[in-house]
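okay, predicted coordinates and the sequence, questions at the end:
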Amino acid sequence: MPAVLEISGLEKTYRSRRRGARKALDGFDMVVESGQVHGFLGPNGSGKTTTLRTLLGLIAPNGGRMMLLGQEVPAALPQVAGRVGAIVESPQFFPNFSAHDTLSLLADAGGVQKQRVTEVLELVGLRDRAAERVRTYSLGMKQRLAVASALLKKPDLLILDEPANGLDPGGIREMRTLMRGLAESGMTVLLSSHILGEVQLICDSVTIISRGRRVAYGAVAEVLAQHAGGGVTVRMESAEDQSVAAEILIAAGARVTPDHDRLIVSNVEKPAWVTRTLAERGYYVSELAPVKVDLESVFLELTQTAPVAGQARQVDDSAVAPAQGGWGL
Amino acid sequence: MSLTKAEVRRLFKRRVTRIFLVITLVGLAIFPIVFALNSKPNSPEARAAAQAQADQAYRQAQVEFERMTAECEAAKARGETGLDDRYGPNCGADYGPRPEYYPAEQFLPYEFNFQEEFAPSLAVLSAILALAAFVIGASFVGAEWSTGGMMNLLLWRPRRLPVLFTKLGVLLGSILGLTAVLGALWTAAFWSIGRYDGDLGKLTAGVWQSLGLTGLRGATMVLLAATVGFCLASIGRHTAMALGVGIGAVVVSEIGLRVAFELLQVRYGDRYVLSTYLIAWFDKSITITDWRACQFAQTACEPPEYVVTWQHASVLLGVVLVLSVFGAAWSMRRRDVA
């Protein structure tokens, strides 16, 4: 599938007289292929929003290359802007205009037909509240309006930064269905979110960023598989057997971590090796299952942002990946 | 073109624009209404009545003078002293009332004279419109920045300078249109007062040309105020930036500098004050007199003067305009949109 978004070696340094220089993006790479829902994950302050703002021409990068829909940006942004719908960070609108006025003015500015305003208001569930001023809206309603504004121009690429912020559970599910439907209709969706369960459910591929660098990317299943480590959980008949089994497996070269009434065994080629190794010594497993990882655990592992008891993690305390280069290589 | 249309809609949908337009219209309407209510045409009957009042006043003054003179003479006969201090020399015989002290014009009701009074009224119109234009201009872009509207717009229209200058163009076009319409209504209102409740004066082609040029300078001032308000708010990315600078300039220039120059006895201190140049621009020139150079108690003296012309003013206002527009353009082009 052709890439609709390619970022290579993107760099952005914020400079302040008081605080000096801070690298927000440090050679960041990213590729999003056409027709996918792509998750863009990272801890707070890792550079997600800076990446999106840079991509959309709101921030000038200090280095690197960016391509949107096959054209180099920011130079070609005026040509591709009509095909890219985006919401960046929290939804911001002029509070004294109604939702309808807000979208209608954007439609005028972008040369979009007025009929489309009604369509997107219907799509995001704001039809009956469209005449009310935005200042009366809840965060979730503003979020819906933001999504409506991004959908207004029927984009080929939809960039959504935390679209589920403030949405109620029904709204989150509607948003999920909407995004899947958009992807099925051929639209590419780039979704930045902290709701990792949602990302795992709806995204085809992900990029994980930490301290301005990419730490993982690829299809969701691949990323999960890469970090499952081929591990299995092993349960024995008794606690005594469990401790002996641990010693046997460690002696045979496996990495074993006791976890309550089971052992988590990693560094093994196949689950059958575990049963054979133990059976040869006269010990038989009562339960053997592959270790299941979810995106949240992979995220916490890769970014090293898992909470540690007794420690208050600071926003910049996350993993630093080695520098990479090239178009997603 | 679609952006221009959207920005015109946005400008007139904004509450600040609507509220300030209503306040401005109401404020401006008060002036012709007050003039219309107070101005009375000097008809022959009014002139005759005024003459009668003047004669009556003269007669009353004469009677009073004679009573005072008689009182003084009686006191003199009684041998009282110090009468010169109370009545003047010779019992005030040289200070008696004269008919020319009581002209009929003093007793005529106020009559508006279009030829003489319309030009100063244009200064009032321009000042009020300039104030409204400054606030509307500042709010038009300042609120867009502070509420995220500008960022949304740039996601649709990524060419920053065309977006900024389209907004500025829409603002100036709208303000110019409003100024032209209100200027025409203002002229018609005061012309009607002169025609039906006062005096038009001698309205030669030269008078109309002079009034037209005054109106043109006033309109330029209104557009300058709108541009500076817009650019300051765009540089600061908030309406408050423009309002703060505006208020600060008034306080520093019109109060701070005046007080400081007075204390330091700076010669022609007013030439460093902003309003001097605004007046010079509107009135073509302003003369600043150095009253401190003369000791009037000791000798007759012609105090030296310093003239600020509209050319001087145009240089200063031009510099302000260029700096504002350049600053806004630079800020729009170079700074990140966060």
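Yep, it's here. Numbers count the residues shown, from 1 in each chain, chains lettered A, B, ... in the order given.

in which helix or strand does residue A:218 reside?
strand A:213-219 (DSSP states H and E).

following that strand, which helix or strand comes up?
helix A:220-228.

tell me the angle of that next one relative to strand A:213-219?
With axes from the mean of the first three to the mean of the last three CA atoms, to 10 degrees as the basis, helix A:220-228 and strand A:213-219 are set at 120 degrees to each other.

give the other helices and strands that helix A:220-228 contacts.
In terms of contacts (3 or more CB pairs under 8 Å, 6 or more residues apart in numbering or on different chains; DSSP states H and E), helix A:220-228 is packed against strand A:205-210, strand A:213-219, helix A:295-303. For every residue, glycine as well, the C-beta is placed using N, CA and C.

how about the strand holding residue A:218: buried residues?
A:213, A:214, A:215, A:216, A:217, A:218 (16 or more other CB atoms under 10 Å in any protein chain shown).

which among those gets closest to chain B?
Within these, the smallest distance to chain B is 20.6 Å, found for residue A:213 (CB to the nearest CB).

any idea how far the closest one is from residue A:23?
Separation of residue A:213 from residue A:23 (CB to CB, to the nearest Å) stands at 9 Å.

same question for residue B:119.
63 Å.

repeat that for residue B:156.
Distance from residue B:156 to residue A:23, by CB to CB: 30 Å.

so the residue of chain A found nearest chain B: helix, strand or coil?
For chain A and chain B, the shortest gap (CB to the nearest CB) falls at residue A:92, measuring 2.3 Å. Following DSSP: H, G, I helix; E, B strand; the rest coil, the label given to residue A:92 is coil.

quick one: low-confidence ranges for the stretch 1-150 of chain B?
Along the stretch 1-150 of chain B, segments meeting pLDDT under 70 span B:1.

how about the residues of it by chain A?
Residues of the stretch 1-150 of chain B found near chain A (CB under 8 Å from any CB of the partner chain) are B:2-3, B:5-7, B:9-10, B:13-15, B:143-144, B:147-149.

out of the residues you listed, which comes closest to residue B:275?
Taking CB to CB as the measure, residue B:275 lies nearest residue B:143 of these, at 28.3 Å.

and that closest one, which helix or strand is it part of?
helix B:114-147.

that helix packs against which elements?
If you count contacts as 3+ CB pairs under 8 Å, 6+ apart, helix B:114-147 packs onto helix B:2-13, helix B:15-38, helix B:149-156, helix B:160-192, helix B:205-236, helix B:239-249, helix B:274-283.

partners of the strand holding residue A:218 in the sheet?
Paired strands of strand A:213-219, with direction, are strand A:205-210 (antiparallel) (DSSP bridges).

who touches the strand it pairs with?
A:28, A:30-33, A:36, A:38-43, A:46-48, A:51, A:199, A:214-220, A:223, A:295, A:298-299, A:302-305, A:318-321 (CB atoms under 8 Å, 6 or more residues apart in numbering or on different chains).

settle this for me: residue A:152 is touching residue A:113, isn't it.
No: at 9.9 Å, residue A:152 does not count as touching residue A:113 under the criterion of CB atoms under 8 Å.

shared neighbours, the two?
Common contacts of residue A:152 and residue A:113, defined by CB under 8 Å, 6+ apart, comprise residue A:107.

neighbour count winner among those two?
A direct count of neighbours by other CB atoms under 10 Å in any protein chain shown for residue A:152 and residue A:113 places residue A:152 higher, at 22 against 9.

so which of the helices and strands packed on helix A:220-228 comes closest to residue B:252?
strand A:205-210 (48.3 Å).

what about the closest one, distance to the chain center?
6 Å (CA atoms, centre = their mean, to the nearest Å).

got it, and stretch B:314-334?
Here the centre of stretch B:314-334 is set off from its chain's centre by 25 Å, with CA atoms, centre = their mean.

so which residues on the stretch 1-150 of chain A come close to chain B?
Counting by CB under 8 Å from any CB, the stretch 1-150 of chain A sits next to chain B at A:53, A:56-60, A:74, A:77-78, A:81-82, A:84, A:86, A:88, A:91-97, A:101, A:105-106, A:108-111, A:149.

just the buried members of these?
A:53, A:56-59, A:74, A:77, A:81-82, A:84, A:86, A:88, A:91-95, A:97, A:101, A:105-106, A:108-110, A:149.

returning to that earlier point: looking at residue B:156 and residue A:23 now, which is surrounded by more residues?
Using other CB under 10 Å, the more surrounded residue of residue B:156 and residue A:23 is residue B:156, with 25 against 15.

list the contacts of that one.
Residues in contact with residue B:156 (CB under 8 Å, 6+ apart) are A:81, A:82, A:106, A:109, A:110, A:153.

follow-up on the earlier one: the residue lying closest to the residue of chain A closest to chain B once chain neighbours are set aside - how many residues pack around it?
Distances taken as CB to CB, 6 or more residues apart in numbering or on different chains place residue B:148 nearest to residue A:92, at 2.3 Å, with adjacent residues excluded. Using other CB under 10 Å as the criterion, residue B:148 is surrounded by 19 other residues.

residues touching residue B:148, list them.
By CB under 8 Å, 6+ apart, residue B:148 lies in contact with A:91, A:92, A:93.

if I read this right, residue B:164 contacts residue B:234, doesn't it?
Yes: with contact defined as CB under 8 Å, residue B:164 reaches residue B:234; the gap is 6.6 Å.

if we can go back for a sec, buried only: go through the contacts of strand A:205-210 for me.
By 16+ other CB under 10 Å, those give A:28, A:30-33, A:36, A:38-43, A:46-48, A:51, A:199, A:214-218, A:220, A:223, A:295, A:298-299, A:302-305, A:318-319, A:321 as buried.

pick out the residue of the stretch 51-200 of chain B closest to chain A.
residue B:148 (2.3 Å).

roughly how far apart are that residue and residue B:8?
Residue B:148 is 21 Å from residue B:8, by CB to CB.

ok but residue A:7 is inside a helix, no?
No: counting by three-state DSSP, residue A:7 falls outside a helix, being strand.

now it. Nearest residue, chain neighbours left out?
residue A:30 is the one closest to residue A:7 (CB to CB, 6+ apart), at 4.2 Å.

I'd assumed residue A:98 was in contact with residue A:137.
No: counting by CB under 8 Å, residue A:137 stays clear of residue A:98, with 9.9 Å between them.

wait, what's in contact with residue B:328?
For residue B:328, the contacting residues are B:164, B:168, B:230, B:231, B:232, B:234, B:235, by CB under 8 Å, 6+ apart.

enumerate every residue touching residue A:160.
Applying CB under 8 Å, 6+ apart, the residues contacting residue A:160 are A:86, A:87, A:147, A:150, A:179, A:189, A:190, A:191, A:192.
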